[in-house]
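J.: Quick one: sequence plus predicted model below, questions after.
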Amino acid sequence: MTDPNSGFYSAEDAESLPAEALAKAGEVDLLHPEEKEDLSSETLVKEEGAFYTWYKDEIDKILNKDEANIFNYYYGVKENGNVNPSSDPHGEFTGENILYIAHTLEETASNFNLSVEKVFSVLSDARRIIFLSREKKPKPHLDDKILVSWNGLMISAFARAYQVLMDESYLSSAKNAAKFIINNLYDEKNKKLLRRYRDGEAKYGAHLEDYAFLVQGLLDLYEASLNIKWLETAIELTKQQINLFYDPENGGFYDTGGEDSSLIIRTKEFYDSAEPSGNSIAILNLLRLSQMTDNENWREIVDKSLAYFGERIKQAPQAMPQFLAAVDFSLSKPKQIIIAGSADDPLTKELLREVHSRFIPNKIILLADGENGQKILASYIPFIESVKMIDRKSTAYICENYACKLPTSDVSTVAELLDEK
């Protein structure tokens, strides 16, 4: 789902042609056009999950007997399929198997009287063989347009995954996707976003969700990488978002800009569905940014917007979970965690690892690097200028309303300060 230039594609179809369909039709791409027209419609019917599901006899033919027995036991493969009919009301997967870990390595080793190491080796080889066989199946259609909104969500996901797991590949994916969006879908001169990219073409004015989701991704990326440029870009995009979508009279953000005269009405989405609403994320972003920049005007926008949506939140809180997260943030005293030191210093990373080992949703993280990043932060919050390392060691300042506990470079002390009620 990743473009060679690092943006994320939108989707892959659930349906694809089963391998036997092409077998019946011959190699369709090699047929004469008139022969293709003669194929019955039943021959080339796409099926749900066809690329990913397996019949047991397929696996038994691909692997040798011992490999197949171990593979089938470990992944829950059954003669008549492993999909419960109650979970498959339309009978899409009758007789088919969806691979899942049905038994642990230890259970599989015990069942076949083998060592865990041997089972691991057999499964590794078998997976490779099965994977190469699957690559020969007709693949589902790929929707390769790149949307700013969904890429913003992906950037957030990878940045947060890095914070928890410290896997550099996740941080790299987040950075590369952010660079792709900024380089290809952001007009830096006019500070405006476009909505989608495909085949070298960026097009359509961005909506609220594009701005909001991307800003969230950039804030998460800043707190993961501690590179000030991501925070600066998030601030610029937020200013433009307010200019384009904010309703200063009533509060809340419109879903679209006011430039399209063909729109009869401008809506304000509030329902957090499969994706959160643009409004709930925009409000959460402003809450975080008002802490990061001490911007009272942005806090006023938050209060007015939450008041605008307040009655709806009371009526249907279950439909607005991300709004509830914003309300919770607005009523709390977020922890302000400031690290004085270099982003690359091992102690900085160790201090942050202690922070990220806890569920602290209402917090911000800032880096006082003693260089340009600290100067930029101090232009918003003068207090930041005085934040320094102690004894030339990376130092953590745990604060609320910029009233800080005694700074410390000791990881266990940071843990105690974070756990204080």
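T.: Everything's here; your move.
J.: how much space between Ile235 and Gly152?
T.: 15 Å (C-beta to C-beta, to the nearest Å). (Each C-beta comes from the backbone N, C-alpha and C, glycine too.)
J.: So which of these two has more stuff around it?
T.: When neighbours are counted by other C-beta atoms under 10 Å, Gly152 comes out ahead of the other of Ile235 and Gly152, with 27 against 19.
J.: Can you get me a residue count around Val164?
T.: Neighbour tally, Val164, other C-beta under 10 Å: 12.
J.: can I assume it sits in a helix?
T.: Yes: judged by DSSP: H, G, I helix; E, B strand; the rest coil, Val164 forms part of a helix.
J.: My guess is it contacts His356. True?
T.: Yes: using C-beta atoms under 8 Å, Val164 is in contact with His356, at 5.6 Å.
J.: and Lys304, what is it in contact with?
T.: 250-251 (C-beta atoms under 8 Å, 6 or more residues apart in numbering).
J.: just Val77 next, same as before
T.: Shown in contact with Val77 (C-beta under 8 Å, 6+ apart): 54, 56, 59, 71, 97, 99.
J.: And these, which is closest to Pro138?
T.: Distance to Pro138, by C-beta to C-beta, is smallest for Trp54 among the contacts of Val77, at 14.8 Å.
J.: Quickly list what that closest one is bridged to.
T.: Beta bridges link Trp54 to Asn97, judged by DSSP bridges.
J.: Can you report how many residues lie near it?
T.: Applying other C-beta under 10 Å, we find 20 residues neighbouring Trp54.
J.: In this structure it contacts Leu99, no?
T.: Yes: between Trp54 and Leu99 there is a contact under C-beta under 8 Å: 6.8 Å.
J.: same question for the host helix or strand of Leu123, mean pLDDT?
T.: Applying DSSP states H and E as the criterion places Leu123 in helix 116-134. What helix 116-134 shows for mean pLDDT is 96.
J.: Report the beta-bridge partners for Ile337.
T.: Beta bridges link Ile337 to Ile365, Ile398, judged by DSSP bridges.
J.: wait, what's in contact with Asp345?
T.: Listed by C-beta under 8 Å, 6+ apart, the contact partners of Asp345 are Ser394.
J.: again, only using 10 Å
T.: Residues counted as contacts of Asp345 (C-beta atoms under 10 Å, 6 or more residues apart in numbering) are 339, 351, 369, 389, 393-394.
J.: Among those residues, which lie within strands?
T.: Ile339 (DSSP state E).
J.: Pick the one among the contacts of Asp345 closest to Asn184.
T.: For those, the closest approach to Asn184 (C-beta to C-beta) belongs to Asp369, at 28.7 Å.
J.: Excluding covalently adjacent residues, which one is nearest to the closest one?
T.: Ser342 (6.2 Å; C-beta to C-beta, 6 or more residues apart in numbering).
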